[in-house]
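**Student:** What follows is a predicted protein model with its sequence.
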Amino acid sequence: MEKPESVTNKVVRGLLHPVVPVLILIFFLGIASVLKYGLDRQDERQINSNLTNESQAMANSLEREFLVHVEAVRRMAQRLEARPDMTEELWSQDARNYLDDFGVYQALEWIDREFIIRWLEPLSGNEEVVGYNVAFSAERRAALEAAQANGTIDISGIIDLRQGGKGLVIYVPVYAGERNNGFIAGVFQMDTLARHLLTNRVLDAFYVRISDDDAPAYELNTGGEYARNYAHTVDVDLPMLGWSLTVTPTTDWVNSRKSIWPWTTFISILFMGVLTSLTTLLVQLVLKRNRALLKTRKELEFEIDQRKAAQQDLARLESTDALTGLANRRFFMEDLSHTLSIADRQMRQVALVMLDLDRFQMLNDTLGHQFGDELLIKVSERLNSLSDEKVLVAYSGGDEFMICQQHVDSLDDVIHLLGQIKQCYAEPFEVQNEAHYITATMGIAIYPQSGLDTDTLLRNADIALYRAKEQGRNTYQFYTEGMQEREVMRLELDKDLSHALANDEFVLHYQPQVNLAGAEILSAEALIRWQHPRRGLLPPMEFIPLAEESGRITEIGRWVVMAACQQLARWQGTAFEHLRIAVNLSGRELDDEHLVDHIREALETHNVPPERLEVELTEEIFIQNIEHNLNQLSRLHQLGVSLAIDDFGVGYSSLGYLRDFPVDLLKIDRSFITEVTERHDDAVITRAVINLAHNLGIQVVAEGVETMDQLTFLKDHHCDLAQGYLISRPVPAATLEKALTEGTMVTGVPVDTRI
Ligand code: C2E
Ligand code: CA
Ligand code: CA
């Protein structure tokens with residue numbers, strides 16, 4: 001399932017969107033526009049306010065000037081009032097003074113009561129208006145007559161002058177009412193008046209329109225480019241006149257007043273926007289590139305991790321045994337060498353345990369590799385449960401395991417581990433739906449005492465293992481100094497053993513068994529000895545385990561059976577022809593499919609009835625590999641050979657096999673007999689075994705009878721047969737024959753010793 005995207009991630013992804021720089025640009029454009037608009041508005045307000053000021057100033061100046069002229073004309077009228085007899089010449093003189101002073105008049109006139117222009121100054125340029133009646137319209141006449149009557153000023157408004165051009169006339173009556181002596185009139189050429197009133201600055205910069213009662217009356221500066229939208233109108237406050245002044249600035253004037261700030265601000269902010277936007281774009285590109293790089297890096301890292309994992313898998317596979325899943329021998333050895341170097345520095349010990357499954361080879365050969373493999377897996381699982389940081393368990397191949405224990409401080413640590421290992425075999429192994437009891441034998445070498453390098457340690461652990469096997473299975477042995485020599489001897493012995501058969505170095509000794517009920521010798525156990533060319537007569541314990549290990553036991557076994565049959569044949573027709581011989585068979589011999597055939601062959605060869613031969617097998621054979629062994633033993637039994645269980649009571653608690661196997665005889669182990677008269681337990685067991693066997697219809701032999709008390713005990717408890725040094729040691733056939741003939745053997749309990 002995909003992980004929900006985090007808020008930060010979303011924000012980052014949003015910021016990386018291509019639209020962001022555009023939005024930034026638009027944002028800045030917006031701000032720039034708003035600011036520019038605001039600044040423009042302010043500029044405009046400033047311009048308008050300037051314009052208002054200019055217009056007002058113009059209007060004020062117009063008013064002031066105009067009133068000055070009105071006042072001047074009024075003074076002339078007053079002078080004429082004061083001197084009614086004033087001549088034309090004197091008046092002209094006075095008028096000229098005024099004209100000189102003001103220079104703005106087109107003309108000054110005296111108009112009589114009948115409104116006819118009489119006197120006029122200057123004459124030149126105005127000649128034709130002399131005698132002109134200024135009350136040229138009813139309207140004008142009414143206005144003039146009103147002024148005459150009331151003595152008030154009359155202003156003509158802007159009119160077309162007789163002299164040409166636009167102009168206006170101020171009429172000031174000389175006396176009011178009946179005494180009226182006409183008017184003094186000041187004629188102004190509009191052009192002149194305007195120019196005079198308005199300064200040059202104004203004239204350059206503005207288009208000025210004077211409206212009379214809202215009707216355009218006069219325009220100044222009509223040509224040129226004007227900013228029409230800036231036109232400003234002010235009322236001119238003049239007596240009698242409804243003038244207004246409309247001022248329109250030239251575009252130059254407007255432009256010169258326009259501030260550079262709106263555009264500067266706009267462009268600056270826009271520039272900033274472009275910069276920010278470009279920076280954002282750049283940052284985005286860098287971030288995107290970074291992200292891409294990061295992604296590639298992650299992918300690379302992932303790939304590297306995968307490769308590493310694959311390599312580790314490979315290394316693990318290379319260091320692991322495919323079948324058992326345990327470390328393999330190669331890895332174990334590498335690890336051991338590493339462990340030794342650490343132990344060396346830490347001044348600690350290391351224990352190397354070589355472990356061999358007892359009788360595994362036999363099981364594997366008879367029950368098949370499938371069975372063997374399954375058993376190995378099961379065993380490995382249990383052993384592997386001991387693995388921890390201090391213990392490494394490896395499978396070395398065949399039926400061999402290796403265990404390394406680090407940080408060994410004392411031998412107790414190793415003993416504890418050995419106990420744990422043994423615990424692994426306490427329960428049977430369930431393989432192919434059958435429970436199998438398995439035991440193991442171990443050899444232990446300790447670093448540094450038993451070897452300073454891996455190879456030596458391994459070899460010595462191996463030697464210790466062989467020693468342990470020699471002592472019987474299901475045990476362990478620590479490597480000791482002497483073992484090296486013994487190992488050499490063992491190897492030599494093994495070599496010698498290969499020639500022993502060919503050189504006919506084996507002999508059988510016979511130990512008689514006495515029938516307690518009849519005090520007679522009816523049978524003897526054949527026990528092998530090796531007449532070693534240099535080492536003398538060797539007991540079976542010194543070479544049988546070796547022969548079992550190497551597989552030579554099968555051949556030796558055949559020889560024993562053949563030799564026993566030969567002996568039986570020899571006894572035929574003699575005083576000993578009633579004797580039966582019991583031979584020992586090791587478990588390994590039972591694995592041989594041809595065993596029964598060979599025994600039959602031996603019997604037939606020597607013409608010996610099968611009842612004369614007895615076969616002794618240890619208890620464990622009846623427990624292990626039941627199916628196969630049952631088959632072999634049944635065939636033997638069918639042949640007519642008796643079957644005895646050797647060393648009964650030491651190995652197994654299960655007695656079920658007694659019911660299933662065709663057992664004729666049961667040999668109570670020597671360990672029970674040795675102290676049967678001293679130890680209550682042994683006595684109880686011996687009695688119980690005798691009873692059990694009898695109840696099953698099986699005869700009982702007691703082994704290792706050395707004292708008369710033991711013999712007495714056995715006889716009292718109805719043990720069938722007895723065997724032991726008390727009666728006779730194992731001896732050559734001839735010795736046995738002699739003893740039998742002479743009757744020197746102890747065959748029963750003397751009457752006098754009986755209570
Ligand atoms: P086993 O079958 O239990 O044989 C009895 C062993 O006990 C013999 O040892 C015998 O000498 C010894 N023994 C008998 N009576 C006494 C006694 O009163 N006191 C003491 N202390 N020992 C007594 P041996 O001859 O050394 O044989 C040892 C083992 O070797 C046998 O134990 C048997 O398992 C094996 N063996 C002997 N011969 C053969 C053979 O031909 N083939 C095979 N496969 N194994 C053999
Ligand atoms: Ca025996
Ligand atoms: Ca025995």
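**Tutor:** Looks like it arrived, so ask away. Numbering: from 1, shown residues only. Ligands and ions are numbered 1, 2, ... in the order given.

**Student:** can you pull the pLDDT of the residue in the stretch 401-550 of the chain positioned nearest to ligand 3?
**Tutor:** Nearest to ligand 3, among the residues of the stretch 401-550 of the chain, is residue 525, at 8.1 Å (Cβ to the ion). C-beta: built from backbone N, CA, C; applies to glycine. We have a pLDDT of 98 for residue 525.

**Student:** List the neighbouring strands of the host helix or strand of it plus their orientation.
**Tutor:** For residue 525, the element it lies in under DSSP states H and E is strand 520-532. Applying DSSP bridges to the sheet, strand 520-532 is found paired with strand 506-515 (antiparallel), strand 536-538 (antiparallel), strand 580-585 (parallel).

**Student:** picking up where we left off before, quick one: the residue of the stretch 401-550 of the chain closest to ligand 3 and residue 731 touch, right?
**Tutor:** No - look at residue 525 against residue 731 with Cβ atoms under 8 Å: they stay out of range, at 11.3 Å.

**Student:** Show me which of the two is the more surrounded one.
**Tutor:** More neighbours surround residue 525 than the other of residue 525 and residue 731, with 25 against 17 (other Cβ atoms under 10 Å).

**Student:** what's the distance between that one and residue 67?
**Tutor:** Separation of residue 525 from residue 67 (Cβ to Cβ, to the nearest Å): 172 Å.

**Student:** Over to residue 496?
**Tutor:** From residue 496 to residue 67 the distance is 164 Å (Cβ to Cβ).

**Student:** Which of these two has more residues huddled nearby?
**Tutor:** residue 496 (19 against 13).

**Student:** Which neighbours do residue 525 and residue 731 have in common?
**Tutor:** By Cβ atoms under 8 Å, 6 or more residues apart in numbering, residue 525 and residue 731 have these common neighbours: 510, 511.

**Student:** Which residue ranges of the stretch 251-400 of the chain form strands?
**Tutor:** Using DSSP state E, counting those that start in this stretch, the strands of the stretch 251-400 of the chain run over residues 349-357, 391-397, 400-408.

**Student:** in the second one, what's buried?
**Tutor:** By neighbour count on 16 or more other Cβ atoms under 10 Å, the buried set for strand 391-397 is 391, 392, 393, 394, 395, 396.

**Student:** for these, which one is nearest residue 19?
**Tutor:** Nearest to residue 19 out of these is residue 392 (Cβ to Cβ; 63.4 Å).

**Student:** can you pull the pLDDT of the nearest residue to the closest one once chain neighbours are set aside?
**Tutor:** Leaving aside its chain neighbours, residue 392 sits nearest to residue 404 (4.6 Å; criterion: Cβ to Cβ, 6 or more residues apart in numbering). Turning to residue 404, the model gives it a pLDDT of 95.

**Student:** For the buried residues of strand 391-397, work out which two are farthest apart.
**Tutor:** The widest separation within the buried residues of strand 391-397 (Cβ to Cβ) is 15.6 Å, between 391 and 396.

**Student:** Tell me the residue of the stretch 51-200 of the chain that sits nearest ligand 1?
**Tutor:** residue 51 (140.1 Å; Cβ to the nearest ligand atom).

**Student:** Would you mind giving the secondary structure of that residue?
**Tutor:** Here residue 51 is recorded as helix under DSSP: H, G, I helix; E, B strand; the rest coil.

**Student:** now could you export just the CA positions of stretch 455-462 as PDB?
**Tutor:** Provided in PDB are the C-alpha atoms of stretch 455-462 (Å, rounded to 0.1, in the frame of the first residue of the first chain):
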ATOM      1  CA  ASP A 455      44.100 -28.600  11.800                       C
ATOM      2  CA  THR A 456      45.700 -30.100  14.800                       C
ATOM      3  CA  LEU A 457      42.600 -29.400  16.900                       C
ATOM      4  CA  LEU A 458      40.500 -31.100  14.400                       C
ATOM      5  CA  ARG A 459      42.700 -34.100  14.100                       C
ATOM      6  CA  ASN A 460      43.000 -34.500  17.800                       C
ATOM      7  CA  ALA A 461      39.200 -34.200  18.300                       C
ATOM      8  CA  ASP A 462      38.900 -36.900  15.700                       C
END
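
**Student:** Buried residues of that stretch, list them for me.
**Tutor:** 457, 458, 459, 460, 461, 462.

**Student:** got the contact list for the residue in the chain sticking out farthest from the centre?
**Tutor:** No residue in the chain sits farther from the centre than residue 85, which is 129.3 Å out by Cα atoms, centre = their mean. Not one residue lies near residue 85 by Cβ under 8 Å, 6+ apart.

**Student:** Quick check: buried residues in stretch 173-188?
**Tutor:** Result for stretch 173-188 [16+ other Cβ under 10 Å]: buried residues 173, 174, 175, 180, 181, 182, 183, 184, 185, 186, 187, 188.

**Student:** Any idea which of those residues the model trusts least?
**Tutor:** residue 188 (82).

**Student:** May I have the phi/psi pair for that residue?
**Tutor:** Backbone torsions of residue 188, given as degrees, to the nearest 10, read phi -120, psi 130.

**Student:** Flag the helix or strand of the protein with the lowest per-element mean pLDDT.
**Tutor:** helix 200-205 (a mean of 70; mean pLDDT, DSSP states H and E).

**Student:** So which elements touch the very next helix or strand once past that helix?
**Tutor:** Downstream of helix 200-205, the first helix or strand assigned by DSSP H and E is strand 206-212. Packing partners of strand 206-212 (3 or more Cβ pairs under 8 Å, 6 or more residues apart in numbering; DSSP states H and E): helix 19-82, helix 190-197, strand 215-220, strand 243-249.

**Student:** what distance separates the second one from the middle of the whole chain?
**Tutor:** If I follow you right, that is helix 190-197. Here helix 190-197 is found 98 Å from its chain centre; the criterion is Cα atoms, centre = their mean, to the nearest Å.

**Student:** What's the mean pLDDT across that helix?
**Tutor:** For helix 190-197, the mean confidence score works out to 73.

**Student:** Give me the contacts around it.
**Tutor:** In contact with helix 190-197 (Cβ under 8 Å, 6+ apart) are residues 58, 61-62, 65-66, 103-104, 106, 158, 165-168, 203, 208, 210, 218, 220.

**Student:** and what of the last one?
**Tutor:** The set of residues that contact strand 243-249 without belonging to it, under Cβ under 8 Å, 6+ apart, is 47, 51, 54-55, 58-59, 62, 205-212, 214, 217, 226-228, 230-236.

**Student:** could you redo the last one with a cut-off of 7 Å?
**Tutor:** 51, 54-55, 58-59, 62, 205-212, 226-228, 230-236 (Cβ atoms under 7 Å, 6 or more residues apart in numbering).

**Student:** how far does that strand sit from the chain's center?
**Tutor:** In this view, strand 243-249 has its centroid 86 Å away from the chain centroid, taken as Cα atoms, centre = their mean.

**Student:** can you redo the strands paired with strand 520-532 as TSV with distance to residue 702?
**Tutor:** TSV is the format used below for those (distance: least, Cβ to Cβ, whole Å):
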stretch	distance to residue 702
strand 506-515	9
strand 536-538	26
strand 580-585	14
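
**Student:** So residue 469 sits against residue 441, correct?
**Tutor:** Yes - applying Cβ atoms under 7 Å, one finds residue 469 in contact with residue 441, separated by 5.2 Å.

**Student:** Which neighbours do the two have in common?
**Tutor:** residue 356.

**Student:** who has more neighbours, those two?
**Tutor:** residue 441 (23 against 20).

**Student:** what number of residues lie near the residue nearest to that one when sequence neighbours are not counted?
**Tutor:** Ranked by Cβ to Cβ, 6+ apart and with sequence neighbours excluded, the top spatial neighbour of residue 441 is residue 468, at 4.7 Å. When neighbours are counted by other Cβ under 10 Å, residue 468 registers 23.

**Student:** where's residue 468 relative to ligand 2, distance?
**Tutor:** As judged by Cβ to the ion, to the nearest Å, residue 468 and ligand 2 stand 22 Å apart.
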